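J.: Sequence plus the predicted model coming up.
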Amino acid sequence: MTAMPKIETEVREGVDRETIETVNAMAGKYKYGWETEIEMEFAPKGVNEDIVRLISAKNEEPEWMLEWRLTAFRRWVEMEEPDWAMLSYPKIDYQDIYYYAKPKSMEVKPKSLDEVDPKLLATYAKLGIPLQEQMLLAGVEGAEEPRRVAVDAVFDSVSLGTTFQAELMKAGVIFCSISEALREHPELVRKYIGSVVPQSDNYFATLNSAVFSDGSFVYIPPGTRCPMELSTYFRINAENTGQFERTLIICDKGAYVSYLEGCTAPKRDTNQLHAAVVEIVIMEDAEVKYSTVQNWYPGDENGVGGIFNFVTKRADCRGDRAKVMWTQVETGSAITWKYPSCILRGDDSQGEFYSIAIANNAQQADTGTKMIHLGKRTKSRIVSKGISAGRAQNTYRGLVSMHPKAKESRNYTQCDSLLIGDKCGAHTVPYIEVKNNSSRVEHEATTSKVDDDQLFYCRSRGMDEEEAVALVVNGFCKEVLQSLPMEFAMEAQALVAISLEGSVG
Amino acid sequence: MLEINNLHVKLEEEDKVILKGVTLSIKPGSVHAIMGPNGSGKSTLSYVLSGKGGYEVTEGSASLEGAELLEMEPEERAAAGLFLAFQYPVEIPGVGNMTFLRTAVNAQRKARGEDELSAGDFLKIVRTKAKALKIDADMMKRPVNVGFSGGEKKRNEILQMAMLEPKMCILDETDSGLDVDAMKLVSEGVNALRDAGRSFLVITHYQRLLDHIKPDFVHIMADGRIVKTGGPELALEVEKNGYADLLAEVV
């Protein structure tokens, strides 16, 4: 084993102090634009083999994991960044990013959430994320009993802790950070990591494979219905850092899990890169529901700052009758570039994709899904709602592929675009490949504009302009909102309204 | 209740003048009808009063219970008690009729500093009023006006009026496209709302509606102005002889 090169990590004060009111005044409607002042530990800027070794060492990973990372890194330096998407952004200087940033207080991993720096816990309280096990997500009107959700909180590059771990363990469910999984369940991680999104998949997945820091790991044993919803909440805090989280979910035969992902970041006037990889493995008769409410800082009205959200998410329905449902509400990010996809390998397996992608001001989105039908009688359903406002550009890009062996498979795609105002754009790029003669593919697309007459009708009944836009847009998104877990649906509805504030007139 | 004084209105984008000095005074509890040939400015008057975009007021004023109407936003006018039953109600896909109504009612209550209606209370009131207009539960669940027949759309407008309880109701050709039965139903709905504290401005082409909604005053509008005012018998005269004689009188 080669000796670890000594790298000095510098300790810095988090960021300049700003009061919440000042930040709110500057950040305007994005109410998560504040930052947490906390002592951070950074590796030197830039990415090279030493940094990769540093990350692996900091996470106390096994040797094979380091080798895996290095293989990815060596491949990455030979690759060229792709530019085929309908997106335009300033060239990313990969050496001008911190690839490792950790709150100093996390140097020694706390044994429980009680031991985590209160300032970090306060961050999540402010965000409304319940980290204490007795705190529950806001009750829903009319619910019989409050629903509990287990939360894994990730702050910059590190997982602060996971709630309800003990209780979940009783059911045999493993829910922890991926760094913990590499220490406690390495054989599970080794078996599945990179099997759905191989290192070679794309430029950003390769980079992620080299420098990923933390993310969530979920394993549901056979026949188990996970007793509560699992969620990970990502919070980027430090400046000039990239966030490269890696999530791996394994749902064994006949099991079920519903997983939620939420994220926010402070307002900054430089861009930050978020290049995540999510892999989901679904065995025979198992089902996974994966919901995302993405609210990264979107940049200001002039397009300054904002997160680049370049993620690779894929579910592999390995077993017969496996099912996966992706639901995403993308309201933030300066640029969203992602295609949560389904490989429908098992016979009779099913994939569903529901999406609301909002682009306002100067945001850009090139998003959609890939449904790869390999097994017989596989079914997929795509409902995509794109909303463009301001000067934003929103592109739906979808692939429906029916392999020769995917006999009698079916797909239904509906992609609707809604334009608000006359300076934004909506584009649709569907790819359909059918290589057998018994499959059926249906594609419907609509483009509509929020009518002035509709808005006037609502206003003449007493609603103000923003209420009217929210009402019309919510009607447009209803089908997707209904497929979200209840708590998320309410948050998503509110988010949709907020992200469209100022979009009319 | 509603005072319109020498109102001159042109189109915002063009140099076309539509209203050339409309003066009208509507007292609380009264029903006024406006009739007139096509292009006389009847609908424009209703749009300008309710705050629709695309029009420019070049002279004159309008006030609702003493408050300057033309400076208010459309939602402010609604909260102040103005209601326009549209001639062509718009469709709003994906938005349930019930949701729309509830949002509207609560938005106005909030603007006036009143408490919002709870879901239960709202439901009770809606069911009663919908029943009177023969609007069934199914129609309440459908998206606003989507796929509604002409009659259903107009009845829906009257339901909104019943739920919002406005003080000044403008009905813009509410009878257009209605068969006899639907017209009776709509008229009954309107008459049920007649009250000492509420006034109506009924814009129509046909005397027939005024048989059911009996007006106190009838005005004839032509070329952007009110050219003659009279009692209900004026409408009968127009029905019999058409506008030509009346307009000749004026010129």
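T.: Yep, it's here.
J.: just the helices in chain B please.
T.: B:42-50, B:74-79, B:97-111, B:119-132, B:137-141, B:150-164, B:180-192, B:207-212, B:232-241, B:244-250 (DSSP state H).
J.: which residues sit in contact with B:Ala104?
T.: Residues near B:Ala104 by Cβ atoms under 8 Å, 6 or more residues apart in numbering or on different chains: A:458, A:461-463, B:78, B:160, B:163-164. To be clear about C-beta, it is placed using only N, CA and C from the backbone, and glycine gets the same treatment.
J.: again, but for A:Ser483
T.: A:Ser483 neighbours (Cβ under 8 Å, 6+ apart): A:325, A:327, A:352, A:354.
J.: Doesn't the first one belong to a strand?
T.: Put plainly, it is A:Met325. Yes - according to DSSP: H, G, I helix; E, B strand; the rest coil, the state of A:Met325 is that of a strand.
J.: How about the contacts made by it?
T.: Contact analysis of A:Met325 by Cβ under 8 Å, 6+ apart lists A:287-290, A:351-354, A:483.
J.: Excluding chain neighbours, give the residue nearest to the residue of chain B found nearest chain A in space.
T.: Closest to chain A within chain B is B:Gly94: 2.7 Å, counting by Cβ to the nearest Cβ. Leaving aside its chain neighbours, B:Gly94 sits nearest to A:Gly475 (2.7 Å; criterion: Cβ to Cβ, 6 or more residues apart in numbering or on different chains).
J.: which residues are contacting the helix or strand that neighbour falls within?
T.: In this structure, A:Gly475 sits in helix A:465-481 according to DSSP states H and E. Contacts to helix A:465-481, defined as Cβ under 8 Å, 6+ apart, come from residues A:327, A:329, A:354-356, A:383, A:385, A:387, A:416, A:418, A:420, A:448, A:450, A:454-455, A:458-459, A:463, A:489, A:492-493, A:496-497, A:500-501, A:503-505, B:75, B:92-95, B:99-100, B:103, B:107, B:143.
J.: Which members of these occur in helices, if any?
T.: A:454-455, A:458-459, A:489, A:492-493, A:496-497, B:75, B:99-100, B:103, B:107.
J.: Tell me the pLDDT of the residue nearest to B:Arg102 when sequence neighbours are not counted.
T.: Once flanking residues are discounted, B:Arg102 sits nearest to B:Phe122: 5.4 Å by Cβ to Cβ, 6+ apart. Note for B:Phe122: predicted pLDDT of 89.
J.: now do A:Pro110
T.: 63.
J.: Tell me if I'm right that A:His403 and A:Val434 touch.
T.: No - the criterion here is Cβ atoms under 8 Å, and A:His403 misses it with A:Val434 at 9.3 Å.
J.: possible to save the contacts of A:Met325 as TSV with secondary structure?
T.: Below are these laid out as TSV (three-state DSSP):
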residue	secondary structure
A:Glu287	strand
A:Val288	strand
A:Lys289	strand
A:Tyr290	strand
A:Gly351	strand
A:Glu352	strand
A:Phe353	strand
A:Tyr354	strand
A:Ser483	coil
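J.: if we can go back for a sec, go through the helices of chain B and find the least confident stretch.
T.: helix B:244-250 - the lowest mean pLDDT of these, at a mean of 72.
J.: in that helix, what's buried?
T.: B:246-247 (16 or more other Cβ atoms under 10 Å in any protein chain shown).
J.: mind showing which ranges of chain A have poor pLDDT?
T.: A:1-29, A:106-115, A:120, A:123-124, A:126-148, A:487, A:502-505 (pLDDT under 70).
J.: So which bits of it are right by chain B?
T.: A:451-454, A:456-465, A:467, A:471-472, A:474-478 (Cβ under 8 Å from any Cβ of the partner chain).
J.: of those residues, buried ones?
T.: Here, 16+ other Cβ under 10 Å leaves A:453-454, A:456-465, A:467, A:471-472, A:474-478 buried among the residues of chain A next to chain B.
J.: remind me, longest strand of chain A?
T.: strand A:306-317 (DSSP state E).
J.: what pairs with that one, and is each one parallel or antiparallel?
T.: strand A:271-274 (parallel), strand A:277-282 (parallel), strand A:335-338 (parallel), strand A:341-344 (parallel) (DSSP bridges).
J.: which residues does the spatially most central residue of chain B bridge with?
T.: The residue lying closest to the centre of chain B (Cα atoms, centre = their mean) is B:Ile170, at 2.1 Å. Per DSSP bridges, the residues bridged to B:Ile170 are B:Leu84, B:Leu201.
J.: list the contacts for it?
T.: B:46, B:49-50, B:82-85, B:200-201, B:203.
J.: contacting residues around the closest residue in space to B:Leu236 that isn't next to it in sequence?
T.: Excluding the flanking residues, the one nearest B:Leu236 by Cβ to Cβ, 6+ apart is B:Gln207, at 6.1 Å. Contacts for B:Gln207 (Cβ under 8 Å, 6+ apart) come out as B:235-236, B:238-239.
J.: In ChimeraX, how would I select the buried members of those?
T.: Here is the ChimeraX command that selects only those of the contacts of B:Gln207 that count as buried (16+ other Cβ under 10 Å):
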select /B:235,238
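J.: Tabulate the contacts of B:Gln207 (JSON lines), appending distance to A:Gly254.
T.: JSON lines is the format used below for the contacts of B:Gln207 (distance: Cβ to Cβ, whole Å):
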{"residue": "B:Ala235", "distance to A:Gly254": "76"}
{"residue": "B:Leu236", "distance to A:Gly254": "79"}
{"residue": "B:Val238", "distance to A:Gly254": "78"}
{"residue": "B:Glu239", "distance to A:Gly254": "76"}
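J.: farthest-separated two in the contacts of B:Gln207?
T.: The distance between the two most remote of those (Cβ to Cβ) is 7.4 Å, for B:Leu236 and B:Val238.
J.: Off-centre distance for stretch B:186-195?
T.: 13 Å (Cα atoms, centre = their mean, to the nearest Å).
J.: can you list contacts of it?
T.: B:29, B:31, B:132-133, B:154-155, B:158-159, B:161-162, B:169, B:171, B:174-175, B:178, B:200, B:209, B:212-213.
J.: 10 Å instead?
T.: B:28-31, B:85, B:129, B:132-135, B:151, B:154-155, B:157-159, B:161-162, B:165-167, B:169, B:171, B:174-175, B:178, B:200, B:202, B:208-214 (Cβ atoms under 10 Å, 6 or more residues apart in numbering or on different chains).
J.: show me which of those neighbour chain A.
T.: Contacts with chain A within the contacts of stretch B:186-195, as defined by Cβ under 10 Å from any Cβ of the partner chain: B:Pro166.
J.: Give the buried subset of the contacts of stretch B:186-195 as a ChimeraX selection command.
T.: Entered in ChimeraX, the line below selects the buried ones among the contacts of stretch B:186-195, by 16+ other Cβ under 10 Å:
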select /B:30,31,85,129,133,135,151,154,155,157,158,159,161,162,166,167,169,171,174,175,178,200,202,209,210,213
